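*Asks:* Make a model of this:
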Amino acid sequence: MYAQNDGVRLSAAQEKTSILGRDAWLIFGTRAVRMFGYGLVSVVLVLYLAALGMPAPAIGLLLALTLLGDAAISLWLTTHADRVGRRRVLIVGALLMLGAGAGFAATDVFVVLALAATIGVISPSGNEVGPFLAVEQASLAQTIPDGQRTRVFGWFNLTGSFATATGALAGGAIASSLIGGGFAPADAYRAVIIGYAVLGVVLALLFSRVSSAVEVPTAPDISIARRLGLHRSQRVVARLSTLFALDAFAGGFVIQSLIAFWFSTRFGADPAFIGGVLFGANILAGLSALAAARIAGRIGLIRTMVYTHLPSNVLLILVPLMPTLPLAVLVLLLRFSISQMDVPTRQSYTIAVVEPDERSAAAGVTGIARSLGAAVAPLFAAPLYASGLAALPFIVSGSLKIVYDVLLYVSFKRVAPPEEVKS
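*Replies:* Prediction:
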């Protein structure tokens, strides 16, 4: 299953563009709807909680509970998806998204918000949460050749980035328009969150249209000893999960909601401007993810992940050191222009080095590790943003991410996916 390989050479057949079937197009559509919703809510979520009068430590705790709850529920769903049915798991996830949005919009009582955050699915970062990505990736990989996987995942991430960008732009514009029309800030932000809940219904309807072709082609052998839905790949997934958790913990210091809050408090930027900045950032991130497939075809998945991630982390450290709003925006956009090349390559690599009946579980376990790592960070980051140490989260995040890059390269540089093995 694994190969020792320092070189990479893909055949001409592997370089051909794949033709996506009906199920794949539906999954691309669900990705667009969901990520639009995540972008929509990420701009206003922390602003909404602050408008409700919630102190910074409580906001940090709520964000942590949001990510921890998503991680716990997603762990069970993704590690059982290949056996109980991928479509079923995706529909359940959509309903949890509806529940979270409805809960946040319905009350300002912390206990109720914490319950909605823990049980439901909502993204304070604009990034993936819940069981969706792992199961969708496994479903897509079911329908395409190995040599096409990274390229398709690149387009898949581009779709998500464009949708997140559009959602962030819409969320900021809607909130600003409502506030300008006389709405109280909390009510304006609540309207955006209601829109997020409605998208959960749309998502469930789309998932119900996906066919059984996305399921595991042969029934998993239940006699095989499994842990978290894994058998042969337990050790490699454990190593990847540990590293991905470190990367996500670092990223949790600079999630989109906190970046939006930083621009608001540091430079007095309004929600519409912040939404526009995040729109541009996500567009650039999506384009960088698309470029990853071509780079990976030349130098390999692991090298692409590391070589493109390192300079983006240096730029992240520089963002809070910029003295003016235009310079801070410029450095942030430069960072996003190369920051996501490791995403489709990381996803493709995880899917590649496990057995087909472990794919949902492997993507899910590594995804949960990322969620857990990200969940802890806001507990430390939110108070820093509200204090005189607002630059520190950017510096901590970039530094830890550099450590992750070095460890990933040392640990996996000789573990090649099947399509990179020399024939």
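
*Asks:* Tell me which other helices or strands the helix or strand hosting residue 333 touches.
*Replies:* Here residue 333, judged by DSSP states H and E, is contained in helix 325-339. Contact partners of helix 325-339 among helices and strands, from 3 or more CB pairs under 8 Å, 6 or more residues apart in numbering; DSSP states H and E: helix 256-267, helix 271-299, helix 301-318. All C-beta atoms are positioned from the backbone trio N, CA, C, and that covers glycine.

*Asks:* Serialize those to JSON lines and add fields for mean neighbour count.
*Replies:* Below are the helices and strands packed on helix 325-339 laid out as JSON lines (neighbours: other CB atoms under 10 Å):
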{"stretch": "helix 256-267", "mean neighbour count": "22"}
{"stretch": "helix 271-299", "mean neighbour count": "22"}
{"stretch": "helix 301-318", "mean neighbour count": "21"}
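
*Asks:* got TSV for those, with mean pLDDT too?
*Replies:* Shown next, in TSV, are these (pLDDT from 0 to 100):
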stretch	mean pLDDT
helix 256-267	84
helix 271-299	82
helix 301-318	92
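
*Asks:* Redo those as JSON lines? Include distance to residue 205.
*Replies:* JSON lines is the format used below for the helices and strands packed on helix 325-339 (distance: least, CB to CB, whole Å):
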{"stretch": "helix 256-267", "distance to residue 205": "27"}
{"stretch": "helix 271-299", "distance to residue 205": "25"}
{"stretch": "helix 301-318", "distance to residue 205": "35"}
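
*Asks:* Relative to residue 372, which of those is closest?
*Replies:* Distance to residue 372, taken as CB to CB, is lowest for helix 256-267 among the helices and strands packed on helix 325-339, at 18.0 Å.

*Asks:* For residue 325, give its distance to residue 266.
*Replies:* Counting by CB to CB, to the nearest Å, the gap from residue 325 to residue 266 is 8 Å.

*Asks:* same deal with residue 389?
*Replies:* The value you get for residue 389 to residue 266, if CB to CB is used, is 12 Å.

*Asks:* Residue 371: which of the helices and strands packed on helix 325-339 is closest?
*Replies:* If you check each of the helices and strands packed on helix 325-339 against residue 371 by CB to CB, helix 256-267 wins as the nearest, at 15.3 Å.

*Asks:* Name the nearest residue to residue 190, sequence neighbours excluded.
*Replies:* Closest residue in space to residue 190, ignoring its immediate chain neighbours: residue 105 at 5.2 Å, by CB to CB, 6 or more residues apart in numbering.

*Asks:* Which strand or helix spans the one you found?
*Replies:* Per DSSP H and E: helix 86-106 holds residue 105.

*Asks:* Go through that helix and flag the buried ones.
*Replies:* Across helix 86-106, burial judged by 16 or more other CB atoms under 10 Å covers 86-87, 89-105.

*Asks:* Equivalent analysis for stretch 205-220, please.
*Replies:* 206, 207, 210, 214, 215, 216, 220.

*Asks:* Longest helix of the protein, counting residues only.
*Replies:* Criterion DSSP state H: the longest helix present in the chain is helix 149-180.

*Asks:* Going by contacts, tell me the helices and strands next to that one.
*Replies:* Applying 3+ CB pairs under 8 Å, 6+ apart, we find helix 149-180 packed against helix 22-51, helix 132-141, helix 185-207, helix 271-299, helix 342-352.
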